[in-house]
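[1] Need coordinates for the below:
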Amino acid sequence: MTDRRLFFIGGATAAGKTTTARALSRELGAGWLQVDTVWLALKAAFPEGSPERTLLSLDEHARLESTTADELCAQHIAASRFICDALPAAIDHQRSTHRTLVVDGAWLVPAFVADIKRSDSAADGVFIHEPEAAEVKQAMKTRRGVSTTLPWQRRGAAAWWRYGEWLAAEARSAGLPIVAARPRETLQERVRAALRA
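    Model (predicted):
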């Protein structure tokens, strides 16, 4: 096995990806690329009102009363595919300075990770899945640090849960390992085992 490694950790919002990726990169002395940084850079690069900016403005669309959870989920899928098209350049840049790189994000699409795995023997990926909608809602509430939940936040939680279900089904179809988000205490250990890290 090569000592140059590339690890992908995907999953929906509040699945535990970032905490796990941060700990794994620290433990391995690896570089760490959060796909959120690519999303934010792409979003800023396109002018207000452009189709690309509209597609990437998922956070703003979640606040619109007229947007349904199903529409938000569909937009998340489309935006994720768009971001994955731009991701190889960012990964190549990071790999030029890090022998091992951990990439995490809700924007990672299983088909993208599977394609990288097929062409790069040093790459591996895992998707973290939370099957319970109530757990996603609670995790998002905890992240916000507030006791009340606004209607748009409920819609957002429902959309991100649907997106997580889609990711799990896609990962299964692509032959990628899926790790349960709970129990959180053993998540890093289970992700590391799935990645053979």
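
[2] In the protein, where's the longest helix?
    Determined from DSSP state H, the single longest helix within the chain is helix 69-95.

[3] mind checking how far it is from the chain centre?
    Once both centres are worked out by C-alpha atoms, centre = their mean, to the nearest Å, helix 69-95 turns out to sit 9 Å from its chain's centre.

[4] Tell me the helix or strand right after that helix.
    strand 100-105 (DSSP states H and E).

[5] quick one: that next one to helix 69-95, angle?
    Angle, strand 100-105 to helix 69-95, by axes from the mean of the first three to the mean of the last three C-alpha atoms, to 10 degrees: 160 degrees.

[6] Now do the contacts for Arg22.
    Trp32 (C-beta atoms under 8 Å, 6 or more residues apart in numbering). C-beta here means a position set from N, CA and C on the backbone, and glycine is covered the same way.

[7] For the spatially most central residue of the chain, which non-adjacent residue is closest in space?
    Most central in the chain under C-alpha atoms, centre = their mean is Ala106, positioned 1.8 Å from the mean C-alpha point. Nearest residue to Ala106 in three dimensions, chain neighbours excluded: Thr13, at 5.2 Å (C-beta to C-beta, 6 or more residues apart in numbering).

[8] Find me the pLDDT at the one you found, would you?
    Per-residue confidence at Thr13 stands at 90 (pLDDT).

[9] Now do the same for it: helix, strand or coil?
    coil (DSSP: H, G, I helix; E, B strand; the rest coil).

[10] now the helices for this structure?
    17-28, 35-45, 51-56, 58-62, 69-95, 110-119, 133-144, 151-174, 187-195.

[11] between the ones you listed, which one is nearest to Phe7?
    helix 187-195 (5.2 Å; C-beta to C-beta).

[12] Point out where the chain drops to low pLDDT.
    Applying pLDDT under 70 to the chain flags residues 1-2, 143-149.

[13] And for the closest residue to Arg81 other than its chain neighbours, the neighbour number?
    Leaving aside its chain neighbours, Arg81 sits nearest to Val109 (5.7 Å; criterion: C-beta to C-beta, 6+ apart). Val109 is flanked by 22 other residues according to other C-beta atoms under 10 Å.

[14] which residues does the residue nearest to Arg95 when sequence neighbours are not counted bridge with?
    Spatial nearest neighbour of Arg95, excluding adjacent residues (C-beta to C-beta, 6+ apart): Leu101 at 5.5 Å. Note on Leu101: beta-bridge partners by DSSP bridges are Leu6, Gly31.

[15] one step back: and the residue nearest to Ala106, backbone torsions?
    Here is the backbone geometry of Thr13 (degrees, to the nearest 10): phi -50, psi 140.

[16] Let me see the contact set for it.
    Thr13 makes contacts with Ala106, Val136, Met140, Trp160, Tyr163, Gly164, as judged by C-beta under 8 Å, 6+ apart.
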